[in-house]
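> Quick one, fold the following:
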Amino acid sequence: MIALCKRLPKEITDYLLDIDDPETLKFFTERRLRPLTLIADDDEKINRFNEMKELICPVS
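You can find the predicted model right below:
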C-alpha cells in the first residue's frame, strides 16, 4: 500500500488522508487505486481519481 501511495500525486494522497468517513475510505481500495499508478501523467491520474470520487459523491 505504501508503494502504491508513492506512485500517486500528492493531491490524491492528501485527499485520502483527510477522509473522515470510514465508508468513503473503504471505497478507495488498492484494487481501485492501482490502475491510476499505471498512468504516466499526474494530471490524468487526478482526473481519473475525480471520476472515482463522483461515483461515491455524485454532483447534483
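
> any low-confidence regions in this protein?
Residue ranges of the chain with pLDDT under 70: 58-60.

> Okay, helices next: where are they in the chain?
Secondary structure of the chain (DSSP state H): helices at 2-6, 10-18, 22-27, 30-37, 42-56.

> can you list contacts of the second one?
Spelled out, that is helix 10-18. Cys5, Leu25, Phe28, Leu36, Lys45, Ile46, Phe49, Lys53 (CB atoms under 8 Å, 6 or more residues apart in numbering). Where C-beta positions appear, they are placed from N, C-alpha and C, glycine not excepted.

> Look up how far Leu33 lies from the residue lying closest to Thr24 once chain neighbours are set aside.
Using CB to CB, 6 or more residues apart in numbering and skipping the chain neighbours, the partner closest in space to Thr24 is Ile56 (6.0 Å). As judged by CB to CB, to the nearest Å, Ile56 and Leu33 stand 13 Å apart.

> neighbour-wise, which of those two wins?
Leu33 (21 against 12; other CB atoms under 10 Å).

> residues in contact with the closest residue in space to the more buried one that isn't next to it in sequence?
Counting by CB to CB, 6+ apart, Leu33 lies nearest to Leu4, which is 6.0 Å off, once chain neighbours are set aside. By CB under 8 Å, 6+ apart, the contact set of Leu4 is Glu30, Leu33, Arg34, Thr37.

> If we use 10 Å, what do you get?
Neighbouring residues of Leu4 by CB atoms under 10 Å, 6 or more residues apart in numbering: Thr13, Glu30, Leu33, Arg34, Leu36, Thr37.
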